Structure formats: structure tokens, C-alpha cells
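Q: show me how the following folds:
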Amino acid sequence: MSKRKISCSSCRSKKLKCDGGNPCERFGRPPKNAVVNKFILARPDNARCREFIFEHVSNLSPTRYLKDNQSQGLDYYLTYLYNQQFLPEGSKFAKLLNSSTSPQERPMRSKTILKKTHRQLDLQIDDLAQYFSWMSADISAIMAQRLSRLRLSYYNCIEFVATALNSDPSTSFFEPPSSALVLSNPLNSLPPHQALRLIDYFFHIHPYSIMINKTMLLQAYWTDTADPILLSVIYGTTLFLSPILEGEQLLLWRKENLNNRNPFLDYAHVLLSKASAEATLSRYQAVVLLGLFEITFGYAKKGTSLFALSYMIAEKLGLFNNTLPPGLTPVEKELLLITFWAVFQCTVRGCVELVQIPRVTLGHQLHPYPPMNVRESLSYQLDIQNGNNRAFRHYDYIVETFYIQSVIAKTCCMIIFTLPHEADNETVEQEIQHILNNLYGFIQRKQQQMSKLQAFTLELFHYFFAITLLFLKRTLGSKHFKIQQPPSSLPRLDLSDPENVRCIYQALPNAMAIINKTNDFLNSNSASLYQPGLLPRGLMLTTLDAASIVLMNHYTLEPTPIVRQYIETIDVILSRRDAWKTLDISEVAKLEIQTFLQNHMPQSDSSSIGSPSMDMMSSLIPFDLFDPATLWMNPIDLLQDNTFDITSCLDSSALTTATIDTNWLNGEFDLLNSNFMQ
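A: Numbering: from 1, shown residues only. Okay, the predicted model is just below:
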């Protein structure tokens, strides 16, 4: 019996007779020597491009990215890193949950994290432009709550990373891939015009698109030299974030996100399991970009393992010993540096939260900062020269805030390095003061090159730490100190404690300086250049909160008119709609200030019986420390530029935006004329 001829899919769809050939006569593929121009295939009006079905896959990806059987590929390292961190018995994460000082408290931390998992159901975001600004405020606040005994009324420390790790259901890094996924290969089945559209929208909505040069990516795509892992990650993350284009919100650290994954994200993991351990810039970018996505929207355990792998790749690239591969262009070196700072920022944030200080890993910080602005960015200039303008709204703002977060992350890293350990006998307070003095000097040296917003944000950060880290926890000098926050909230300052009184008077000049700086900036022309949503609202609020606590405690000790005037000024600042866009953000701090003012009415006699006077305190405290001329003189230069509650900041009142066409992937979305760009 002869074998039955099977018609091809094209003949079946058009109900035509097929000769059963491979290919058939009617819809056969071009001859082997035919030259097919990808620009022709990219035309959106080509009907065959939309109806094309990839039936036979002979290769999953270019062979130069696949491992051979005699070498250890990325799957070996990722499996090892995952198992070391998250295997059920004796894993580091399990030890972390049981790291309380007493056995009675050990179940409490685990229950607290589980409870917070359910409390974060409303964490949503609808605009990624402020991502780096939010994270800068978040890491600043969590550092203060870990190290300071000053209880902030505004920030509610939620353990994002611990919650995400605890809710990750994965039991191994590589899950068994679907046979349909391997055979279909979404990279090859994606028509060029849709691939180009995904690339365009990646640079339109993803804040970490600053790690990638658009011109170089498009060139690699057209010449078939792009790393398939990088392409899969770009396509997958863009599809996942695309609801933002239609005014929808993204859910953060939610299990529901696992149901919204697309084939490109899963295929990226398939390619990782088959990839060699070759260290290239594109591989480094792909691993970091995927890790950043997984830690926030996907499998946090896998994201943590990808971060660890990225440090191994960076070391192999020579990033830590200044032996970069020969032939790297200045643009590629800049992209390599930006990629490093992207993963470094998240590493510092996670280490502070998880009470882990990997000194060897974080010690690799002796690198120049990323570009301060678009004028200094070689990658941005290359795109402009080739007509590949960035479609991201406020792209200059993205670059500037990424630089700010890099400075803040490096400063936080230096501070946690001062915490006691077996080989450290230095005074913690003195070391932290050195770091803050050098930060102040760094800001003064770079102020002329920075934008007004950058200088203002970093000054707020400096003043915030200068106040909160005056009130260091008393156990900080012990070698057995843990920066872990206990489940109970911090108590209010005891004003009968002489140490607290001394710190309040010592912090008063910085508290006043914060209010003056904020008020001057909001009243200047510089603030009018930015939309209210682009101001560093999170850091502004936490800093004003810290200043108000100092001022209110000082007024309780010694009710003077000048201190009351500063407290009233904070109330005025918190009531400005042009600063907060919605007053709901500042409502908690404002209510506490107004309640305090009502309960402490001004007295005719400003002196209070039994309270220390300013004259007496000035004889005890060296106020010359607060003179900018002496604040940063002769410090140890730790910030040389040639070396190395986010939920409250999410604008909940502007969660509904104009509806945008949903058929953007098929070419029916007009980027320039859409409401999204308004």
C-alpha cells in the first residue's frame, strides 16, 4: 500500500489540491540560491508574512551560542547556584528565616513574611518612568529603618525580596520544557515586522532599555548575529509590560504574574539550558535583564540565581580586574558599565533587606559611575546619529535618575561595609561620618555638571542620612549586631534619655536645611521644568518626615518660635498640589504634624521649665560640624568618581489613563499620535 500524500498547510488553508511534495509546486519555498531581503519580509502588508507557519525547525539557535558535550554550560552554574541558595534542607534562605537571636522569635519572622505576602496584593504600577526614583527612595528608607532608632511615621518597610522569594513556587531553576515550545521556536515563528515592533516598544516602555543600544541591536538583528537569549528576553519582557501602553497596571511580586508569562520568557530559559558558558556583552545583558524581570514579576529565586551568575560573567569579562576583552568599542564599554550598575543597585537593596552582606561580591564597586545625563552617554549619541531616537518619555530623566540611584546604592554599600564583623574594630559612627562627609564633597564638586533635579535629590539623600544615622541603634557597635529589623515597630524617642536629647539638638541644623532646600527648589524655576510626577516625591517625603520628627521633639524640649515656624512650613509644603500631584501621598505625615501643632499651642514665654536651652546645648555640641566649609574638609575620599515605601510613591490616584489601541503588535498602533504620548 503506497504512502498517502499529505498536503501542506498552505494548500489546506486555501482548499487547493497539493502534490504532497516538500515543498509543493504551488507554494514552494524559493530556490537555495535565492536572496531574500529581510526588508521585503518586514512589510506589514504582506499577507503571507502573517499566515506563515514555521513547520520544520532544524536549529534552536546559532551553533556558536550552544555548548558542546565536553564543556560545562550555563545550566551547570545556574543549577548549582539555585540549589545552594534554595534547596529545602539547609538552604541559605531557610537559615535566613530562622536567623533571629532567640529560638522563640524564629517562627515570628517567617510568619511575618508570609503575612506580608497577603498584604501586598495592592502593589501596582502604571508608569515605569519613575522606577529609579522610587527605588532610590526605597533603599534610603529601608537603610534608615534597619540602622536608625528614629521611627519614621511615613515609611512602612515591606520586605519585597523576602516576600517574593517566599512566594516563588519553583523547586529547580530549569523546569521540564514543553515539547511544543522547543519545536515551535517562537524566535523563528515571529515575523520580522512584529519583531521590529517589539524592539521599538522595548525602548519605549522598559526603564532598563538604557542597558541596550538600539542601533547595535537592530544591526545584529538584520545580520542574524544577535544573541537569541537577549532577543527572547527583550521580546518576552516587552510583551509582559505592554499593558502599560493601554493604561493598565502591573502587579508587583504577585503569584498571578506567573500565569501571564509568554512563550518568549519560557524560551529564554530553554536557551539558557542549552547555552555555552561563553562570556559576551550580549550574554551579560541578557542574564541581567532576565534577572531583573524575574525578581520583580516572575520567579524570584531564579532571578537571584541569575544575579549571582551575572557576577561570574562580569568577572570572566574582566570587569573586576580591568582586563576587558580587546576590541570593545567605547559604546560597548559604557553599556557594560551600565549593566553592572543595574545589577549592583538591586544587589545592595536585597542585601540590606535580607540581612546579608556579601563583602566579596559588593567589594567590586571600584568603577566609574554611569553617564550622568544624555549628553555624556555615548550610546545615546550613537542612536541619535543613526536616527534611532529613543521613544521613552522623559528618557533624559531615566538616565539622570539611574545615575542618582547608582550614587545612592554605592553610598549604602559603603555604610553597610562599616558594620562590625570579626576583622573590623573601627568605630562605626566615625566611619559613617566619613562617608557622609565625602558624599557632601562629591555633591559640591559635581553640582555644576548635574541637573538641578539631580543635585536636589542627592542633597536630600545626604541630609536624610545625616539625620537618621545620628540616631544609630545602640547595638551597632557590637560585633554580634544584625541589621535585621525585629517584627515589632520602633518605639518613639525617649526624651528623658540624654543621648537622644543630644542627637536632637545636633540634628536640628540639618532639619532646618532640608526645609529650606525643599522650599527653595519648589519655588524656583527648576521645579517648574518637571511634571509633579517626576519630582523625587518618595525621598522628599521621607526626608521631610525625618526633619519633622527632629523639629517636633526639639519643640517639645524647648518650644521656640523659629522651630514652630519650620514645622508649619513643612505642613505648607506637604499641602502643595504642584509638589505631590495628589495629596493622598503626604496625608499621613501632614496629619501627624497638624495634630502636633494643635496639641502644642504657642506660648507667650518660649522658655520651658526644666528643658535644656540652646545656649547650654551649644556649649556641649560642636556646631562647626555643620558648617559646609568644614563638613567635608580632609576626609578619606571614598566617593571618587574615577573609582568605583515604594507603595506610597506609586501614584494611586492616577491609575486610569486614556485607552489606547490594543492592536499595536500588528502595526495598528500609532505611537506618535496616541494618547499615551500626551
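
Q: what distance do you get for residue 562 to residue 291?
A: To residue 291, residue 562 is 50 Å away according to C-beta to C-beta, to the nearest Å. No exception for glycine: its C-beta is placed from N, CA and C like everyone else's.

Q: between these two, which has more neighbouring residues?
A: residue 291 (25 against 11; other C-beta atoms under 10 Å).

Q: assign residue 339 to helix, strand or coil.
A: Following DSSP: H, G, I helix; E, B strand; the rest coil, residue 339 is assigned to helix.

Q: host element of residue 460?
A: In the assignment (DSSP states H and E), residue 460 maps to helix 452-468.

Q: what residues of that helix count as buried?
A: Buried residues in helix 452-468, counted by 16 or more other C-beta atoms under 10 Å: 453-468.

Q: and the following helix or strand past it, what's buried?
A: Counting by DSSP H and E, the next helix or strand C-terminal to helix 452-468 is helix 498-523. Using 16+ other C-beta under 10 Å as the test for burial, helix 498-523 gives 500-501, 503-515, 517-519, 521-522.

Q: show the average pLDDT along helix 498-523.
A: The average pLDDT for helix 498-523 rounds to 94.

Q: tilt between it and helix 452-468?
A: 170 degrees (axes from the mean of the first three to the mean of the last three C-alpha atoms, to 10 degrees).

Q: residues touching the helix or strand that comes right after helix 498-523, excluding its own?
A: With elements assigned by DSSP H and E, the helix or strand that comes after helix 498-523 is helix 525-528. Here helix 525-528 makes contact (C-beta atoms under 8 Å, 6 or more residues apart in numbering) with 452, 453, 456, 521, 535, 578, 579.

Q: now, among these, which is nearest to residue 187?
A: Comparing those against residue 187 with C-beta to C-beta picks out residue 453 as the nearest, at 39.9 Å.

Q: residue 144 contacts residue 138, doesn't it?
A: No: applying C-beta atoms under 8 Å as the test, residue 144 and residue 138 come out as separate, 11.0 Å apart.

Q: which one of the two has more residues nearby?
A: Shown here are residue 144 and residue 138; by other C-beta under 10 Å, residue 138 has more neighbours (26 against 23).

Q: got the phi/psi numbers for the more buried one?
A: phi -70, psi -50 (degrees, to the nearest 10).

Q: how about residue 148?
A: For residue 148, the backbone dihedrals (degrees, to the nearest 10) come out as phi -100, psi 150.

Q: that one against residue 466, yeah?
A: No: with contact defined as C-beta under 8 Å, residue 148 does not reach residue 466; the gap is 11.2 Å.

Q: distance of the residue lying closest to residue 295 once chain neighbours are set aside relative to residue 377?
A: Of all residues not flanking residue 295 in the chain, residue 303 sits nearest, at 3.4 Å (C-beta to C-beta, 6 or more residues apart in numbering). Going from residue 303 to residue 377 by C-beta to C-beta gives 27 Å.

Q: same thing with residue 598?
A: 51 Å.

Q: more neighbours: which of the two?
A: residue 377 (24 against 8).

Q: tell me the contacts of the residue nearest to the more buried one when sequence neighbours are not counted?
A: Of all residues not flanking residue 377 in the chain, residue 371 sits nearest, at 4.0 Å (C-beta to C-beta, 6+ apart). The contact partners of residue 371, taken as C-beta under 8 Å, 6+ apart, are 334, 338, 377, 378, 380, 399, 403.

Q: out of those, which is nearest to residue 386?
A: residue 380 (11.2 Å).

Q: then residue 549 would be within a helix, right?
A: Yes: using three-state DSSP, the assignment for residue 549 is a helix.

Q: can you give me the pLDDT of it?
A: Reported pLDDT for residue 549: 94.

Q: apart from its neighbours in sequence, what residue is nearest it?
A: That would be residue 150: by C-beta to C-beta, 6+ apart, it lies 6.2 Å from residue 549.

Q: ok, that neighbour - contacts?
A: Contacts of residue 150 (C-beta under 8 Å, 6+ apart): 144, 467, 468, 471, 490, 493, 546, 549.

Q: is it true that the second one touches residue 508?
A: The reference is to residue 467. No: using C-beta under 8 Å, residue 467 makes no contact with residue 508, being 9.5 Å away.

Q: overlap in contacts, those two.
A: With C-beta under 8 Å, 6+ apart as the test, residue 467 and residue 508 both reach residue 550.

Q: which residue ranges of the protein form strands?
A: Assigned by DSSP state E, the chain shows strands spanning 124-125, 250-251.

Q: worst average pLDDT in these?
A: The stretch with the lowest mean pLDDT among the strands of the chain is strand 124-125, at a mean of 72.

Q: what pairs with that strand, and is each one parallel or antiparallel?
A: Using DSSP bridges, the strands paired with strand 124-125 are strand 250-251 (antiparallel).

Q: give me the residues contacting the partner strand.
A: Counting by C-beta under 8 Å, 6+ apart, 123, 124, 125, 126, 241, 243, 244, 257, 297 sit against strand 250-251.

Q: what subset of these is buried?
A: In those, the ones that pass as buried (16+ other C-beta under 10 Å) are 123, 125, 126, 241, 244, 257, 297.

Q: any idea how far the fifth one lies from residue 124?
A: Distance of residue 244 to residue 124, computed by C-beta to C-beta: 11 Å.

Q: same question, residue 248
A: Taken as C-beta to C-beta, the span from residue 248 to residue 124 is 9 Å.

Q: could you do residue 309 as well?
A: Applying C-beta to C-beta to residue 309 and residue 124 gives a distance of 30 Å.

Q: over to residue 405?
A: 21 Å.

Q: and what of residue 168?
A: Counting by C-beta to C-beta, the gap from residue 168 to residue 124 is 20 Å.

Q: do residue 290 as well
A: Residue 290 is 23 Å from residue 124, by C-beta to C-beta.

Q: how about low-confidence regions in the stretch 551-678 of the chain?
A: 582-583, 603-678 (pLDDT under 70).

Q: excluding chain neighbours, what is closest to residue 592?
A: Nearest non-adjacent residue to residue 592 (C-beta to C-beta, 6+ apart): residue 153, at 5.2 Å.

Q: any idea how far the residue nearest to residue 414 when sequence neighbours are not counted is from residue 373?
A: Spatial nearest neighbour of residue 414, chain neighbours left out: residue 435 (5.0 Å); criterion: C-beta to C-beta, 6+ apart. Distance of residue 435 to residue 373, given as C-beta to C-beta: 25 Å.
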